[in-house]
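K.L.:
model this:
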Amino acid sequence: MRKLKMGIIGLGGIAQDRHIPAYQALSDKVEITAIQDLKITKAKEVAKKFNIPYVFSNYEELFAAVDAVTICTPNKFHAEISIAALEAGVHVLCEKPMAITAKECDLMIEAAKKANKCLSIAYHYRFMDSVQLAKQTMKEVGDPLVARVQALRCRKVPGWGVFTNKQLQGGGSLIDWGCHFLDAALWLLDEPNAVEVTGTTYNRLSKTPNQLNDWGSFDHESFDVDDHVSSYIRFENGASMLFECSWAANIKEDTTNVSISGSDGGLNVFPFEFYQSKTGAYLTTTAKVEDDQAKAGYLQAKNFIESCLGEAELVNKPEQARTVTKIIEAIYKSSESKSSITLN
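P.N.:
Purely as a prediction, here's the structure:
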């Protein structure tokens, strides 16, 4: 069986903790042959750690050595590198978010179609057991009416890397953390067309000195991204979504939740529960599922590899990831303009 030759671009925590281990667990289908990072010393250390043969300081030079790449750079460079890889005839799995703007997403999709190569975005929550079970159960919900999505952290601003750098990342808690749950909810809702978005972003807490933070230290004076976001999204089919996310909030504890109420039933994803009025009673059905991040990363990698090899269809399609970026962009614009944003 032919193995896919994989390259990794950007060697931060997400590359070393999720993508490289997932690919090495799939060694019957893929081989990581090359890696690239601007910090060449770091790249050589990672190559030695994971026994990867080729190291590059320039990502363009890496393309000739691989069939596919996984892009783990700051958000600002997602579109640029993805397009370059696709134009070089290389399949692309890009870390979330797809890009900072919907226009950049369009250019990425156009490049993938022109090259006839796979382009997927690493929204791995779709592969979580609870989300997969919820997807299978959505037919029992009937017509979705209201979705409630929360991705709330109490004191977990990432104090490492460039997460709080607006120029490189495009935003904070929304574009980094909330995007996973927005994507999962839209997937469960079968990708409805969003027509209006109202949002408000905050960062007052993280700009206050001497704040407690569980995930390292950061400069409160230069902090210029969102640490808390609330929004309301209205869809063309009449459904609506209440969506909130945070890195830092004065709440009792971290909360991750996706719940959907429909015409025939309702469900909660984390933990999985299904609600339905039946036989004269209101019933709650529960299920034991294991929501394992490593397993989800493995399944995401497997789907991407098999899609590149022509053995499967992508679960994470770029057009769907573009919708997530479009809504995130609209939330930021709504907050800036203090008005609702109408989407085409």
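K.L.:
okay, CA-based contacts and neighbour counts for the rest of this
P.N.:
Fine.
K.L.:
so what's the residue lying closest to residue 194 once chain neighbours are set aside up against?
P.N.:
Nearest non-adjacent residue to residue 194, counting by Cα to Cα, 6 or more residues apart in numbering: residue 235, 4.3 Å away. Neighbouring residues of residue 235 by Cα atoms under 8 Å, 6 or more residues apart in numbering: 192, 193, 194, 195, 196.
K.L.:
helices of this structure, start to end?
P.N.:
Applying DSSP state H to the chain gives helices spanning 13-14, 20-24, 40-50, 59-62, 78-87, 102-115, 129-141, 166-169, 173, 179-188, 293-308, 318-337.
K.L.:
neighbouring contacts of the shortest one?
P.N.:
Contacts with helix 173, where a contact means Cα under 8 Å, 6+ apart, come from 225, 226, 227, 228, 229, 245, 246, 247.
K.L.:
average pLDDT for stretch 102-120?
P.N.:
The average pLDDT within stretch 102-120 is 98.
K.L.:
residues in contact with stretch 45-55?
P.N.:
11, 16, 32, 33, 34, 35, 36, 40, 43, 44.
K.L.:
one more: stretch 209-229?
P.N.:
So stretch 209-229 is contacted by 155-160, 164-166, 170-174, 199-203, 205-208, 244-249 (Cα under 8 Å, 6+ apart).
K.L.:
tell me the mean pLDDT for it?
P.N.:
Mean predicted confidence for stretch 209-229 is 95.
K.L.:
do you know how far residue 52 is from residue 39?
P.N.:
16 Å (Cα to Cα, to the nearest Å).
K.L.:
out of these two, which sits in the busier spot?
P.N.:
residue 52 (18 against 12; other Cα atoms under 10 Å).
K.L.:
taking the mean pLDDT, what do you get for stretch 337-344?
P.N.:
On average, stretch 337-344 scores 96.
K.L.:
ends of it, how far apart?
P.N.:
Stretch 337-344 end-to-end distance (Cα to Cα) = 18 Å.
K.L.:
can you check stretch 114-122 too?
P.N.:
So stretch 114-122: terminal residues 21 Å apart, Cα to Cα.
K.L.:
and stretch 9-22, by the same measure?
P.N.:
15 Å.
K.L.:
residue 174 touches residue 246, doesn't it?
P.N.:
Yes - between residue 174 and residue 246 there is a contact at 7.3 Å, judged by Cα atoms under 8 Å.
K.L.:
please identify which pair of the contacts of helix 173 lies farthest apart.
P.N.:
The distance between the two most remote of these (Cα to Cα) is 13.1 Å, for 225 and 245.
K.L.:
now the helices of the chain as a markdown table including mean neighbour count and distance to residue 148?
P.N.:
Formatted as a markdown table, the helices of the chain follow (neighbours: other Cα atoms under 10 Å; distance: least, Cα to Cα, whole Å):
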| stretch | mean neighbour count | distance to residue 148 |
| --- | --- | --- |
| helix 13-14 | 12 | 28 |
| helix 20-24 | 19 | 31 |
| helix 40-50 | 16 | 40 |
| helix 59-62 | 17 | 40 |
| helix 78-87 | 22 | 29 |
| helix 102-115 | 18 | 24 |
| helix 129-141 | 18 | 14 |
| helix 166-169 | 16 | 26 |
| helix 173 | 29 | 17 |
| helix 179-188 | 23 | 9 |
| helix 293-308 | 21 | 22 |
| helix 318-337 | 21 | 16 |
